[in-house]
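> Requesting a structural model of the entry that follows:
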Amino acid sequence: LTINEYNIIEKLGEGAFSKVYSGKKEGTSDPEYAIKVQSNQSNSKKTVFETFQNEISVHSKLSHKHIVKFIDARLKGSMVKASTKQERERAFIVTEKCTGGDLFDQILKAQGFSENLTRKYFRQAVSAVEYMHNAGYAHQDLKVENMMLDSACNLKICDFGFATAEREVQRRVGTQGYMAPEQLQRENHDPKVSDIFSLGVILFIMRTACFPFRAAIDSDDAWSFIEDGELERYWEVQKGFNIAGEEGFSESFIDLLNKLFSPDPKERPSISDIKSHEFFKGPLPSDEQVLAELKISPRELLRPSALLKPVKPELSSGSANTATSCNSDCKSPILTKFFIYSKESVDQIKTKLADTVAQKGKCFIAKTKPKVKLNEPDIEIAFQVDEITERVKRIRVQLIKGKDSSKFVKISEEVQTMMNGEDHLRAISN
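Now for the predicted structure:
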């Protein structure tokens, strides 16, 4: 399989409208590149092709150490299958191949980073966004799924299809779980300021491997605490995290997120404010500490294919984990955890969970821990009850095994329905 002068080696990933391959330029000693190829153009919507065009236009103008390096692109490339010699017209983009893998996968594997490693990658993300903003562009789809790691485990931002040079926009694009409230409400807004909000979501996800809220909308319980200025209550229900041996969150981490999540865009910090914040200026991990926390050996970095998934499907827009309907340019966050908050006792919750899970399939109940597990051939879900405060308990619903996100969401919501009532808080997904 070839596309123009590039020989395709293997498929690295696949989305709704494109596929990503590794490939080499024929007749050269150039390294392997990542080649993003748009799917059948005759079947693609006009807006999809325009997004691809925009990505080429913007990405080709950017050059920064924390942005994936642009190499080449064609809007009318020629893809040829060697066995049939059949030629198909395809648009494609060639970039450096980030052999450290996908940051999203690393976060899930680690189940959240230490504050020092979180700070390292947050600083690198801020550096790239600052460069983009100074170059006149807002990204409009900042998320951990659009961040890669190179061979030195440094962060690089990619996917510039929604980037814009406009100073004020109204159209809602991007990924719902990362979007600022003014985007979701389709208000006229400065997209650069909305990028700042997305950086806050990314910061929280890096640290916890969870979304801070399902979406910044009135009907979301977690977001309503923030919107109503009840920040202490918001952080109270976020207690109980123990990540990388660190219990809870530092005061500087909480303070910075409170500012980044400001419902009023005018009150959000600037890039300069972020860089001068106490959390931003804290200690960074050594290279050895980074590899140890990511559980990557130096040998694996020399065998990059071990860190790259052959295929990583995306969720299509409008999937079950969205809080509101999305237009064609709004993508849904990938959901792997679901939190439900209750005021009942741990034993009462465990009994209800066991009864509900038993109706779904094989149910395993831990004897000494407040934990219940659904174990089916195609899906495995763990239900862990944590005591946040004397009055509030949290049920952590986590997808352990399985690729059917819609089934996971359905089961999670059925558990939520079971827990609904006078003495229960509504579910908060992360």
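
> the helices in the stretch 1-150 of the chain, which residues?
46-59, 103-110, 115-134 (DSSP state H, counting those that start in this stretch).

> mind exporting the second one as CSV, just the C-alpha atoms?
Coordinates of the C-alpha atoms in helix 103-110 are reproduced here as CSV (Å, rounded to 0.1, in the frame of the first residue of the first chain):
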residue,chain,number,x,y,z
LEU,A,103,-1.0,10.4,26.4
PHE,A,104,-4.6,9.3,26.9
ASP,A,105,-3.5,5.7,27.0
GLN,A,106,-0.7,6.4,29.4
ILE,A,107,-3.1,8.2,31.8
LEU,A,108,-5.5,5.3,31.8
LYS,A,109,-2.6,2.8,32.3
ALA,A,110,-1.3,4.8,35.3
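
> Start and end of stretch 76-90, how far apart?
6 Å (C-alpha to C-alpha, to the nearest Å).

> Counting neighbours, which bits of that stretch end up buried?
Residues of stretch 76-90 classed as buried by neighbour count (16 or more other C-beta atoms under 10 Å): G77, M79, R90. The way it works is simple: take the backbone N, C-alpha and C, and place the C-beta from them, glycine included.

> one step back: nearest approach to V94 belongs to which of the helices of the stretch 1-150 of the chain?
Nearest of the helices of the stretch 1-150 of the chain to V94, taken as C-beta to C-beta: helix 46-59 at 10.4 Å.

> Now that closest one: average pLDDT?
Averaged over helix 46-59, pLDDT sits at 89.

> Run the angle between that helix and helix 115-134 for me.
The directions of helix 46-59 and helix 115-134 differ by 90 degrees, with axes from the mean of the first three to the mean of the last three C-alpha atoms, to 10 degrees as the criterion.

> Summarise which helices and strands helix 46-59 is packed against.
Packing contacts for helix 46-59, counted by 3 or more C-beta pairs under 8 Å, 6 or more residues apart in numbering; DSSP states H and E, involve strand 33-38, strand 70-80, strand 87-96.

> List the contacts of the shortest one.
Strand 33-38 is contacted by residues 3, 6, 8, 12, 17-25, 44, 48-49, 52, 68, 71, 77, 79, 90-98 when judged by C-beta atoms under 8 Å, 6 or more residues apart in numbering.

> on that earlier part again, out of the helices and strands packed on helix 46-59, flag the one nearest C363.
strand 33-38 (43.1 Å).

> Rounded mean pLDDT for that closest one, please.
94.

> same deal with stretch 154-172?
Mean predicted lDDT for stretch 154-172 stands at 94.

> still on that earlier bit, would you mind writing the PyMOL command to select the buried ones in the contacts of strand 33-38?
To isolate the buried ones among the contacts of strand 33-38 in PyMOL, judged by 16+ other C-beta under 10 Å, type:
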select buried, resi 3+6+8+12+17+18+19+20+21+22+23+24+25+44+48+52+68+71+77+79+90+91+92+93+94+95+96+97+98
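
> re the thing from before, for A222, find the nearest of the helices and strands packed on helix 46-59.
Of the helices and strands packed on helix 46-59, nearest to A222 by C-beta to C-beta is strand 33-38, at 34.1 Å.

> what about N116, how many neighbours?
Using other C-beta atoms under 10 Å, N116 is surrounded by 17 other residues.

> Check R233 too.
Neighbour number of R233 under other C-beta under 10 Å is 15.

> Once you drop chain neighbours, what's closest to it?
F225 (5.0 Å; C-beta to C-beta, 6 or more residues apart in numbering).

> any idea of the pLDDT on the one you found?
91.

> looking at this, it is in a strand?
No. F225: not assigned to a strand; according to DSSP: H, G, I helix; E, B strand; the rest coil it is helix.

> Please work out how many residues are found near it.
20.

> who touches it in this structure?
Contacts of F225 by C-beta under 8 Å, 6+ apart are L231, R233, Y234, V237.

> Buried subset of those residues as a ChimeraX selection?
To isolate the buried ones among the contacts of F225 in ChimeraX, judged by 16+ other C-beta under 10 Å, type:
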select :234,237
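
> from the contacts of F225, which is closest to V144?
Y234 (21.0 Å).

> Spatially, and excluding backbone neighbours, which residue is closest to that closest one.
Per C-beta to C-beta, 6+ apart, closest to Y234 is F225, 3.8 Å.

> From G177, how far off is D159?
16 Å (C-beta to C-beta, to the nearest Å).

> Equivalent analysis for A125, please.
In this view, A125 and G177 are 16 Å apart by C-beta to C-beta.

> Check L12 too.
To G177, L12 is 24 Å away according to C-beta to C-beta.

> Ok, which of the helices of the stretch 1-150 of the chain comes nearest L256?
Nearest of the helices of the stretch 1-150 of the chain (C-beta to C-beta): helix 115-134, 9.0 Å.

> If you count contacts, what does that closest one end up packed against?
Using 3+ C-beta pairs under 8 Å, 6+ apart, helix 115-134 sits against strand 155-157, helix 191-208, helix 271-275, helix 287-294.

> Quick one: end-to-end distance for stretch 180-199.
10 Å.

> And for stretch 200-216?
Using C-alpha to C-alpha, the span of stretch 200-216 from its first residue to its last is 12 Å.

> Return the residues in contact with E55.
I93, D159, F160, G161, A163.

> Tally up the residues packed near the last one, please.
The reference is to A163. For A163, using other C-beta under 10 Å, the count is 24.

> on that earlier part again, now do the residue nearest to R233 against L203, distance only.
18 Å.

> circling back: pick out whichever of D159 and G177 has more residues nearby.
G177 (25 against 22).

> got any ranges where the stretch 201-350 of the chain has weak pLDDT?
Flagging of the stretch 201-350 of the chain using pLDDT under 70 yields the residue ranges 240, 297-338, 341-343.
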